[in-house]
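Peer 1: Need coordinates for the following:
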Amino acid sequence: MKIKCYYDSPMTHDTMVQACEEFGFEYVATEGPATMEDFKTLKGQDIDVILVSVNPMSTEEYTVLKDAGVKHVVSMSVGFDHFDKAAAKEIGIGIHHSSYPPATVASYAVMLMLMSARRYDSIERAYKGRDFRVTDALRGNDPSELTFGVIGTGKIGAAVCNRLRGFEPKKILCYDIYQNESLKEFCEYVSLEELLAQSDIVTLHAFASPENYHLINAERLALMKPTAYIVNTARGSLVDAEALADAIENGKLGGAALDVLEVENGVYYCDKRGQELPAIMKRLEEMPEVIMTQHMAFCSTLTGRAQIYEAIKTGYLAMTGQPNPNEVK
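Peer 2: The predicted structure is shown next:
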């Protein structure tokens, strides 16, 4: 069996080598991205599996991979909304995602929540502008004063709740159609509308799906306190970015911390210095009430090693026909 790993890095290379040896893969590794140009070179290389990042892949790309003999594509991410499931199935390419511990994303989400509570973006802008006055505009809130709302209480959402518990907040409210019984000791499950209306900071940990598209829209933003914040480390499509910007601009929402954005494909993970950004991205990044990072809540040494190992293991399970919890069906 032979696997090609894109986005190889010094941090995860040793893990990749060890995992390939453990699961019997001959490997080819490259630091470069997974592109159509590279896919066209795979023919004749006997590659069975490729490991990619969160690349949106076209029908044409699946066709080229199939023609080159590639049997499976594994994304080194937990999410899989960037896959065209129908196209892959029609062409006969198996698609899969990876997995990793929830700790890194959960900690990052809590970090953004605390930064929002303390108005860090405004503080940083004032400092970099050499305005060292400590004004009421920079006065934030202690977590013990706040009600936190957690939308989605799967592995990452539950880990967020457990971390928030240590700050002894006023309340931790949760919303999920599948309730986590272990959280009910210190969290309260409520309706989505009630959570939005009561929370000072709302953090999103739901899957991207047609049902969840623009879960946070203008109508739901109108339910929130004018001082509240939205934190999104899940998927950009959960939030109507234009409606969010309008709400902040019009004083209907306190601000946001966004690690993901619905227009990020083709921008994040690329060097865009000196280039134009999508209008909504530029609009949001210019707002002092908004913190933005480039879809990197997962990015730690712990997660990097785990996602490579699990991705290669997933490729092995797919190639050997064993039960595979990470297969996208």
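Peer 1: mind listing the helices for the protein?
Peer 2: Here the chain has its helices, by DSSP state H, at 10-22, 36-39, 59-67, 85-91, 103-117, 120-128, 155-165, 192-198, 218-221, 241-249, 279-285, 301-319.
Peer 1: ok, Phe186 - how many residues close by?
Peer 2: By the measure other C-beta atoms under 10 Å, the count of residues near Phe186 is 14. Every residue, glycine included, has its C-beta placed from N, CA and C.
Peer 1: Excluding residues flanking it in the chain, which one is nearest it?
Peer 2: Among residues not flanking Phe186 along the chain, Arg165 sits closest, at 5.3 Å (C-beta to C-beta, 6 or more residues apart in numbering).
Peer 1: I'd guessed the one you found sits against Ser182; true?
Peer 2: No. Using C-beta atoms under 8 Å, Arg165 is not in contact with Ser182; the gap is 11.8 Å.
Peer 1: So for those two, which residue has more residues nearby?
Peer 2: More neighbours surround Arg165 than the other of Arg165 and Ser182, with 15 against 12 (other C-beta under 10 Å).
Peer 1: care to break the protein down by domain?
Peer 2: Domain segmentation of the chain under automatic domain parsing yields 2-100+300-319, 103-292.
Peer 1: wait, which of those is closest to Lys329?
Peer 2: Nearest to Lys329 among the domains of the chain is domain 2-100+300-319; the distance by C-beta to C-beta comes to 7.8 Å.
Peer 1: what's the distance between that closest one and the middle of its chain?
Peer 2: Computed by C-alpha atoms, centre = their mean, to the nearest Å, the separation of domain 2-100+300-319 from the middle of its chain amounts to 19 Å.
Peer 1: Endpoint to endpoint, it covers what distance?
Peer 2: Length of domain 2-100+300-319, first residue to last, C-alpha to C-alpha, to the nearest Å: 10 Å.
Peer 1: pLDDT (mean, whole number) over that domain?
Peer 2: Domain 2-100+300-319 comes out with an average pLDDT of 93.
Peer 1: same thing with stretch 248-260?
Peer 2: 98.
Peer 1: what do you get for stretch 160-168?
Peer 2: Per-residue scores along stretch 160-168 average to 98.
Peer 1: what does that stretch rub up against?
Peer 2: Here stretch 160-168 makes contact (C-beta atoms under 8 Å, 6 or more residues apart in numbering) with 106-107, 109-110, 113, 143-144, 148, 150, 153, 172, 174, 183, 186-187, 203, 205.
Peer 1: Those, buried ones only, as a PyMOL selection?
Peer 2: Restricted to buried positions by 16 or more other C-beta atoms under 10 Å, the PyMOL selection for the contacts of stretch 160-168 reads:
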select buried, resi 106+107+109+110+113+143+148+150+153+172+174+183+187+203+205
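Peer 1: Next step: the contacts of stretch 160-168 restricted to strands.
Peer 2: Under the assignment DSSP state E, those contribute 148, 150, 172, 174, 203 to strands.
Peer 1: As CSV, the helices of the chain with distance to Thr227 would be great.
Peer 2: Output for the helices of the chain, formatted as CSV (distance: least, C-beta to C-beta, whole Å):
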stretch, distance to Thr227
helix 10-22, 40
helix 36-39, 47
helix 59-67, 45
helix 85-91, 40
helix 103-117, 11
helix 120-128, 14
helix 155-165, 18
helix 192-198, 12
helix 218-221, 13
helix 241-249, 11
helix 279-285, 18
helix 301-319, 33
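Peer 1: Sweet, I'm off.
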